[in-house]
Every structure is written in structure tokens, then in C-alpha cells.
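Enquirer: Using only what follows, build the 3D model:
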Amino acid sequence: MNALTIENSTQGTYYVRENGEALVGAFETVAEAEAFVTANTDEPKKITKAPIPFITRWSGEDRDNSLPLQFDKNGLTGLPRDPRGVTWSPAGTDRSGEPQFAQIHPGRQREAMTKPLCQVCGVHLTQKWVPWLINVTRSDFAEALASLRTIPYMSDPPTCTECQELARRHCPAVKSHAGGISIEVRHWRPVGVCGDLYGMTPDGPVLQGAAPITRFGDPRIPWVLAKQLVVEIDRYRIA
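Expert: Numbering: from 1, shown residues only. Okay, the predicted model is just below:
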């Protein structure tokens with residue numbers, strides 16, 4: 001076989017692809033996938049693995065989510081709020097267990113947005129113009145900017161130039177948007193959060209659904225269990 005690549009799906013299955021395209025195997029553990037690759041290639045040096053992004057949540061970090069949520073007439077209680085009045089979803093920080101590729105760690109996502117850090121490798125980005133990968137097709141990007149001066153409501157943190165190429169090879173979401181759009185950002189600002197929105201009913205608090213964005217200052221903020229920081233990009237250039 002030619003070069004074999006091990007990739008992870010969001011369900012935790014390890015897929016082996018030939019030349020990054022043809023599926024040749026699916027395994028429950030990375031050890032099984034590696035054994036298959038070793039047995040079916042004469043050039044082990046070509047074996048590559050999909051990176052585990054810095055902002056990915058791990059299964060061992062879910063233990064704090066077992067805490068029951070508490071409410072009063074003003075919203076969520078029992079968990080600390082940040083200076084903007086936001087209650088953040090609790091999570092461990094030890095990266096133990098298995099990576100949960102479909103889930104974002106709220107603390108690391110927020111850290112990557114504000115420091116800023118690359119969302120894939122976690123490196124500190126010190127450039128004045130910070131590299132960013134927007135997960136849209138080029139045509140959708142042009143259409144959105146036709147009537148807007150800013151790129152609205154981004155929850156994806158920056159991505160360094162090297163990791164943008166990795167994302168284009170390994171990330172199904174980026175692949176589905178034709179590789180996304182690379183931009184360089186000079187200025188962005190936090191404008192809100194996305195997460196689970198709760199509300200009070202005569203029978204008590206209920207989950208109303210996922211809120212794509214609740215802006216700071218919105219009266220619903222005390223009722224949101226935030227999972228990602230949302231920013232607005234207002235100074236950028238196409239890379």
C-alpha cells in the first residue's frame with residue numbers, strides 16, 4: 001500500500017486511509033489502527049496521525065459536568081460567574097481519557113481566543129496580524145461580506161499557518177467547505193457567548209435549546225451555560 005494515514009472520527013473510531021482518501025480500515029483503538037498500518041506498509045516513516053486540537057475536550061474532563069445545575073428567579077446559581085455575568089460550563093483540565101472531537105473545551109477555547117493561541121497546536125501567536133482559518137467556502141465568504149463590514153460572530157479561535165494545512169488534510173468540517181478561507185486579523189473583540197439557554201416555567205427551569213450567540217448585556221445572559229466565547233472580527237485581510 002501507499003502512504004497510510006490514521007484519522008479520528010467524532011465518534012472515536014480510528015480510520016485508516018490510503019493517500020489521505022481511500023478508506024482501508026476502521027478500528028476501535030489507535031493501537032489496532034497502528035498495528036494495521038505497520039503490517040500493511042513498507043514505509044512506516046510515512047505514517048501520520050490527525051492531530052488532537054488544543055481546544056478539544058477529553059472524556060476525563062467531563063467529570064465536573066455531573067454536578068446538578070441550580071437556578072433561582074434570576075438565572076443560574078451555584079457556579080461562579082465572570083466579570084460580565086457569564087456562567088461557564090464546568091470542565092476538568094487534565095486531558096485524560098479519550099479525545100472528544102465533537103466537543104470544545106470551554107476554558108481552552110476562551111484562552112485561545114483571548115491570548116491568542118492556535119486552536120490546534122496551542123502555540124502563542126505573537127504576530128500583529130494573527131492567522132485565522134474561517135470555515136466557509138470562498139463563495140459564501142464573498143456573499144456574506146457583500147453587505148457587512150465585519151465578519152460576524154466567530155467562535156472558532158485562530159489557527160497558525162502550519163496547522164491550517166493540517167486542518168485542510170484532516171478536519172472533515174474544513175474539507176466540506178473546500179478548505180475554508182485563510183485570513184489575517186489585526187483586531188477582534190469579544191461580543192458574547194454560545195451555549196445552553198435555560199428559562200423558567202411554572203414547573204421550574206427548563207433547557208430551551210442551544211443559543212448560537214447571546215451578546216453581553218442581553219438580559220438572557222444569566223440563563224446561559226456558556227460553552228464558547230464569540231468574537232467579532234472587524235480588521236482583517238485575506239491571506
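Enquirer: for stretch 183-199, which positions count as buried?
Expert: By 16 or more other Cβ atoms under 10 Å, the buried positions in stretch 183-199 come out as 183-185, 188, 191-198. Using the backbone N, CA and C atoms, a C-beta is placed for each residue, glycine as well.
Enquirer: Just the closest of those to residue 106, please.
Expert: Closest approach between these and residue 106, by Cβ to Cβ: residue 195, at 8.1 Å.
Enquirer: Work out for me the element that closest one sits within.
Expert: Assigned by DSSP states H and E, residue 195 belongs to strand 181-201.
Enquirer: What's the mean pLDDT across that strand?
Expert: Average pLDDT, strand 181-201: 94.
Enquirer: helix or strand right after that strand?
Expert: For strand 181-201, the following helix or strand on the C-terminal side (DSSP H and E) is strand 204-215.
Enquirer: picking that back up, could I get the buried residues of stretch 183-199 as JSON lines with distance to residue 75?
Expert: Formatted as JSON lines, these follow (distance: Cβ to Cβ, whole Å):
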{"residue": "183", "distance to residue 75": "36"}
{"residue": "184", "distance to residue 75": "38"}
{"residue": "185", "distance to residue 75": "33"}
{"residue": "188", "distance to residue 75": "27"}
{"residue": "191", "distance to residue 75": "20"}
{"residue": "192", "distance to residue 75": "16"}
{"residue": "193", "distance to residue 75": "13"}
{"residue": "194", "distance to residue 75": "17"}
{"residue": "195", "distance to residue 75": "13"}
{"residue": "196", "distance to residue 75": "12"}
{"residue": "197", "distance to residue 75": "10"}
{"residue": "198", "distance to residue 75": "8"}
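Enquirer: these two touch, right, residue 179 and residue 170?
Expert: No: Residue 179 is not in contact with residue 170 according to Cβ atoms under 8 Å; the separation is 11.8 Å.
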